[in-house]
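> build me a structure from this.
(chains A and B)
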There are 2 protein chains.
Amino acid sequence: MISRIALIGAGRVASQLGMALLSAGVTIEQVYSRTADKARLLAGQLRSEAVEELAAIRPGADLYVLAVSDGAISPVSAALSKHLPASCRVAHVSGATALPALGSHFTHAGVLYPLQTFSAERMVDWSEVPFCIEANHSGLLHDLRMLAQKISTHVYQIDATQRATLHVAAVFANNFSNYLFDIAQEIAQAKNLPFDLLRPLILETARKVQEKLPGEAQTGPAVRNDQETIERHLLYLQQHHPQYVPLYQMLTEGIEKPRIM
Amino acid sequence: MISRIALIGAGRVASQLGMALLSAGVTIEQVYSRTADKARLLAGQLRSEAVEELAAIRPGADLYVLAVSDGAISPVSAALSKHLPASCRVAHVSGATALPALGSHFTHAGVLYPLQTFSAERMVDWSEVPFCIEANHSGLLHDLRMLAQKISTHVYQIDATQRATLHVAAVFANNFSNYLFDIAQEIAQAKNLPFDLLRPLILETARKVQEKLPGEAQTGPAVRNDQETIERHLLYLQQHHPQYVPLYQMLTEGIEKPRIM
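I've put the predicted structure just below:
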């Protein structure tokens, strides 16, 4: 069972995950950040001890959660292994990092990847966050599952290859769609039209695919092969935002093309 | 004041708008569809009279709402003008069609464009739908505003140029983002990963931009210039979904590029 955690990192994921774990009855014994202020701030929120040096992380926690940037997982794990016994159980929270980044330094290594986008200002609804878990040891896998289930009802055992797949899919679903919202905002803004005009549309677009598959929800000129509207849109973009013409064309052709599933 | 309406069309927008108008106390006197079954079905729901021939549309309604496909607005309007006095007030609900499509046949023509995406199965929350109104006559404009305000708290007077702009922006915000959700689903599906894993992410992506602007909400490897992750994603796509490599590259370059606002 995992009831005492040390949290390595104090960024967006670390702070929101820390709050969720605390609410679920888990004790956050220590919070590390190389930025002293961030460690202190989050430790205060988590009724925990702030730590500014990895050397000050104590052995004895049930789990060491590395919630640091992808590139820092391996070096921080290596540095941590100089101060902690190799038998300590560690987990990272990254969708993009394979297990050996930890497993080469600790015998019990796992992944606790919350598939969600985190902002500094918004607390996510953890009960609906899918947790992707993985471990190199069945006991740790079991305990990670129990831990994740304290926070969310959606816990999936996902191997490294599947997690890599999900990370690519998430870039399309989140990063790239947000960029399209940004382009829409820019197009509206250029004519002094408030983004509020588009916000309900964006929300409904996301709500629709909560029930059906996106392929079934597709609407617009491309899917109904409305060449007149497409031509008018391209003319508009050519005149006002020529940099988006190739993107409009590529996306339109993608929607028009019947896909082999 | 508009309290008696004839509804020309029985598709997704017609039926949802009709229900919203009925709930707001408006009488739907007649419902026309060239498909008799659709006219009858919707007329039943709207406590209205089903009409299968434009010639059976009676004069005397306060407004004739043309909720037909973009391409049908002008011909249906022309056909309608053979049976109704030119002084009848007409409005279409299209984001992509200019006013003269009606105005060349009727002296009082307007637009009542709900900027939302409509599905057959989902009733939208009308109170949050932005209505874009326009008219060639100030009395009609006033009455369209009163009518829209019975349904929604967000009513905007938008001219034809602005509406054309919004229509392009809406394609990015809705059609194209849904296509990205579709690609994400396809990528996950190829590894037997359920779309449920991505649904909360998509919903949160849309929720985030309800409060902030998309430019402030952008996350992911492109915006933090994480070339290692980008290269790994491109390699993955090259191996499994090569058709999406150019799109991934174009969207990534777009996010990386600082924009002049």
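
> check what contacts the least confident helix or strand in chain A by mean pLDDT and list those residues.
The least trusted helix or strand in chain A, going by mean pLDDT, DSSP states H and E, turns out to be helix A:100-103, with a mean of 83. By CB atoms under 8 Å, 6 or more residues apart in numbering or on different chains, the list of residues contacting helix A:100-103 from outside reads A:66, A:73-74, A:77, A:90-92, A:109-110, A:136. Yep, even glycine has a C-beta here, placed from its N, CA and C like the rest.

> list the buried residues for it?
For helix A:100-103, a neighbour-count test (16 or more other CB atoms under 10 Å in any protein chain shown) marks A:101-103 as buried.

> next one: stretch A:183-190
Neighbour counts over stretch A:183-190 (16+ other CB under 10 Å) mark A:183-188 as buried.

> same check, this time on stretch A:220-235
Using 16+ other CB under 10 Å as the test for burial, stretch A:220-235 gives A:220-223, A:226, A:229-230, A:232-234.

> host element of the residue in chain A sticking out farthest from the centre?
Using CA atoms, centre = their mean, the residue of chain A lying farthest from its centre is residue A:228. It sits 39.5 Å away. Per DSSP states H and E, residue A:228 falls inside helix A:227-240.

> now do the helices in chain A.
Using DSSP state H, the helices of chain A run over A:12-23, A:36-45, A:70-80, A:100-103, A:138-151, A:160-170, A:177-189, A:199-211, A:214-217, A:227-240, A:245-256.

> nearest to residue B:198, of these?
helix A:160-170 (6.1 Å; CB to CB).

> kindly calculate the angle that that closest one makes with helix B:199-211.
Relative orientation of helix A:160-170 versus helix B:199-211 (axes from the mean of the first three to the mean of the last three CA atoms, to 10 degrees): 30 degrees.

> relative to the whole chain's centre, how far out is helix A:160-170?
Averaging C-alpha positions (CA atoms, centre = their mean, to the nearest Å) puts helix A:160-170 11 Å from its chain's average.

> need the contact partners of it.
Outside helix A:160-170, the residues that touch it by CB under 8 Å, 6+ apart are A:95-96, A:98-99, A:111, A:113, A:115, A:132, A:134, A:158, B:183-185, B:187-188, B:190-191, B:193, B:197-198, B:201, B:229, B:232-233, B:236-237, B:240.

> next: stretch A:11-22.
Contacts for stretch A:11-22 (CB under 8 Å, 6+ apart): A:5, A:7-8, A:28, A:31, A:38, A:42, A:45-48, A:65, A:67-69, A:93, A:114, A:118-120, A:123-124, A:126, A:147, A:150-151.

> restrict the buried residues of stretch A:183-190 to contacts with chain B.
Filtering the buried residues of stretch A:183-190 for proximity to chain B (criterion: CB under 8 Å from any CB of the partner chain) leaves A:183-188.

> CSV for these, including distance to residue A:205?
Formatted as CSV, these follow (distance: CB to CB, whole Å):
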residue, distance to residue A:205
A:183, 14
A:184, 11
A:185, 14
A:186, 18
A:187, 16
A:188, 16
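
> and the closest residue to residue A:87 other than its chain neighbours, backbone torsions?
Spatial nearest neighbour of residue A:87, chain neighbours left out: residue A:107 (5.8 Å); criterion: CB to CB, 6 or more residues apart in numbering or on different chains. Backbone torsions of residue A:107, given as degrees, to the nearest 10, read phi -70, psi -30.

> ok, residue A:107 - contacts?
So residue A:107 contacts A:86-87, A:136-137 (CB under 8 Å, 6+ apart).

> neighbour-wise, which of the contacts of helix A:100-103 leads?
Among these, residue A:92 has the most neighbours (other CB atoms under 10 Å in any protein chain shown), with 30 neighbours.

> quick one: that residue and residue A:111 touch, right?
Yes: between residue A:92 and residue A:111 there is a contact under CB atoms under 8 Å: 5.9 Å.

> remind me which residues of the stretch 101-250 of chain A are low pLDDT?
Residues of the stretch 101-250 of chain A meeting the criterion pLDDT under 70: none.

> pretty sure residue A:211 is touching residue B:119, no?
No: if you go by CB under 8 Å, residue A:211 and residue B:119 don't touch, sitting 9.0 Å apart.

> so which of these two has more stuff around it?
Counted by other CB under 10 Å, residue A:211 and residue B:119 do not tie: residue B:119 has more neighbours, with 17 against 12.

> what's the end-to-end length of stretch A:51-61?
Taking CA to CA, to the nearest Å, the first and last residues of stretch A:51-61 lie 14 Å apart.

> what does that stretch rub up against?
By CB under 8 Å, 6+ apart, stretch A:51-61 touches A:4-6, A:8, A:29-34, A:36, A:39, A:43, A:64, A:76, A:79-80, A:82-85, A:88.

> just the buried residues of those residues.
Buried subset of those (neighbour count, 16+ other CB under 10 Å): A:5-6, A:8, A:29-33, A:39, A:43, A:64, A:76, A:79-80, A:84, A:88.

> nearest to chain B, of those residues?
Nearest to chain B among the buried ones among the contacts of stretch A:51-61: residue A:76, at 16.4 Å, using CB to the nearest CB.

> excluding chain neighbours, what is closest to the closest one?
Spatial nearest neighbour of residue A:76, chain neighbours left out: residue A:68 (5.4 Å); criterion: CB to CB, 6+ apart.

> so what's the one you found up against?
Contacts here follow CB under 8 Å, 6+ apart; on that basis residue A:68 touches A:8-9, A:11, A:14, A:76, A:92.

> can you tell me how far it sits from residue A:12?
Computed as CB to CB, to the nearest Å, the residue A:68 to residue A:12 distance reads 12 Å.

> and for residue A:102?
With distances taken as CB to CB, residue A:102 is found 21 Å from residue A:12.

> circling back: if any of the contacts of residue A:107 are buried, put those into a PyMOL selection.
Buried residues among these (16+ other CB under 10 Å), as a PyMOL selection:
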select buried, chain A and resi 136
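
> closest one of the contacts of residue A:107 to residue B:207?
Lowest distance from residue B:207 to those (CB to CB) belongs to residue A:136, with 35.4 Å.

> thought residue A:110 was touching that closest one, still the case?
Yes: assessed by CB under 8 Å, residue A:136 is found in contact with residue A:110 at 7.1 Å.

> identify the contacts common to these two.
Common neighbours of residue A:136 and residue A:110, counting by CB under 8 Å, 6+ apart, are residue A:99.

> let me have the helices of chain A in JSON lines, extended by distance to residue B:244.
Shown next, in JSON lines, are the helices of chain A (distance: least, CB to CB, whole Å):
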{"stretch": "helix A:12-23", "distance to residue B:244": "27"}
{"stretch": "helix A:36-45", "distance to residue B:244": "37"}
{"stretch": "helix A:70-80", "distance to residue B:244": "22"}
{"stretch": "helix A:100-103", "distance to residue B:244": "27"}
{"stretch": "helix A:138-151", "distance to residue B:244": "30"}
{"stretch": "helix A:160-170", "distance to residue B:244": "9"}
{"stretch": "helix A:177-189", "distance to residue B:244": "14"}
{"stretch": "helix A:199-211", "distance to residue B:244": "18"}
{"stretch": "helix A:214-217", "distance to residue B:244": "14"}
{"stretch": "helix A:227-240", "distance to residue B:244": "21"}
{"stretch": "helix A:245-256", "distance to residue B:244": "8"}
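
> do you know how far residue A:227 is from residue A:251?
Using CB to CB, residue A:227 is found at 15 Å from residue A:251.

> for residue A:237, same thing?
Using CB to CB, residue A:237 is found at 12 Å from residue A:251.
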